[in-house]
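>>> Give me a model of this one.
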Amino acid sequence: MENMLGLLRLHVIRGVNLAIRDSKSSDPYVIVRMGQQKLRTRVVKKNLNPEWNEDLTLSISDPVLPIKIMVYDRDWFSRDDKMGDAFFHIDPFLEAIRIQNQFRGLPEGTVIMKIQASRQNCLSEESKIVWNNGKIVQNMFLKLQNVECGEVELQLEWIDVSGLLSINEHEDVAY
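Numbers count the residues shown, from 1 in each chain. You can find the predicted model right below:
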């Protein structure tokens, strides 16, 4: 892929209080989109609080594009039902990588940045970007839109393949 900055690993952890789309429950799965990339989790049958615990990896070449999360209910004999959607931008996450590169050797558990829930994002609570086990990670709860209820919990992790946003302490940083 041309001009790839790196890879973004999205750990799709779980759904919380998802909407009922079948008679008493739903069979939810998640689709993640960024530009032309589209990834999906497995279906968790009959569960409004599914635990996917799946890693999906996006190639990042245009960090301005939003990442869209869409939750669907799997229907076997008709079109899958929408269970809400959310989006987020990775600009703050990439900025945290740059900050970490400037202050090398951060102590374990250092909070590099906090992002507040607002009308400009789908966060349901404050999200922290943290230096954890030699990596920068961001945990987030996204409130699903266009639906009566539901949240999705994710964790982001950067995988540097280009050296442009390196978090390796022995490399020079190029911007």
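>>> Can you get me the start-to-end distance on stretch 13-32?
Start to finish, the residues bounding stretch 13-32 are 13 Å apart (CA to CA, to the nearest Å).
>>> what do you get for stretch 35-52?
Criterion CA to CA; first-to-last residue distance in stretch 35-52 is 23 Å.
>>> List the buried residues in it.
37, 39, 41, 43-44, 48, 50, 52 (16 or more other CB atoms under 10 Å). For every residue, glycine as well, the C-beta is placed using N, CA and C.
>>> Please put the alpha-carbon coordinates of stretch 108-124 into PDB.
Provided in PDB are the C-alpha atoms of stretch 108-124 (Å, rounded to 0.1, in the frame of the first residue of the first chain):
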ATOM      1  CA  GLU A 108       4.700   2.100  32.700                       C
ATOM      2  CA  GLY A 109       1.000   3.200  32.900                       C
ATOM      3  CA  THR A 110       1.700   6.900  32.000                       C
ATOM      4  CA  VAL A 111      -1.400   8.600  30.600                       C
ATOM      5  CA  ILE A 112      -0.200  10.400  27.500                       C
ATOM      6  CA  MET A 113      -3.500  12.000  26.600                       C
ATOM      7  CA  LYS A 114      -7.200  12.100  27.600                       C
ATOM      8  CA  ILE A 115     -10.000  12.500  25.200                       C
ATOM      9  CA  GLN A 116     -13.300  13.800  26.600                       C
ATOM     10  CA  ALA A 117     -16.700  12.500  25.400                       C
ATOM     11  CA  SER A 118     -18.400  15.300  23.400                       C
ATOM     12  CA  ARG A 119     -20.800  15.900  20.600                       C
ATOM     13  CA  GLN A 120     -17.900  15.800  18.100                       C
ATOM     14  CA  ASN A 121     -17.200  12.100  18.900                       C
ATOM     15  CA  CYS A 122     -19.100   9.000  19.900                       C
ATOM     16  CA  LEU A 123     -17.200   8.400  23.100                       C
ATOM     17  CA  SER A 124     -19.600   7.500  26.000                       C
END
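>>> Name the surrounding residues that touch it.
Stretch 108-124 is contacted from outside by 86-89, 92, 95-96, 99-100, 106, 125-133, 136, 140-145, 151, using CB atoms under 8 Å, 6 or more residues apart in numbering.
>>> let's see it at 6 Å
Stretch 108-124 is touched from outside by 86-87, 92, 96, 99-100, 125-131, 141-143, 151, with contacts defined as CB atoms under 6 Å, 6 or more residues apart in numbering.
>>> Then stretch 5-14?
So stretch 5-14 is contacted by 30, 41, 51-52, 54-60, 153-155, 157-162, 164-165 (CB under 6 Å, 6+ apart).
>>> what stretches of this protein score poorly on pLDDT?
For the chain, the stretches flagged by pLDDT under 70 are 1-2, 162-175.
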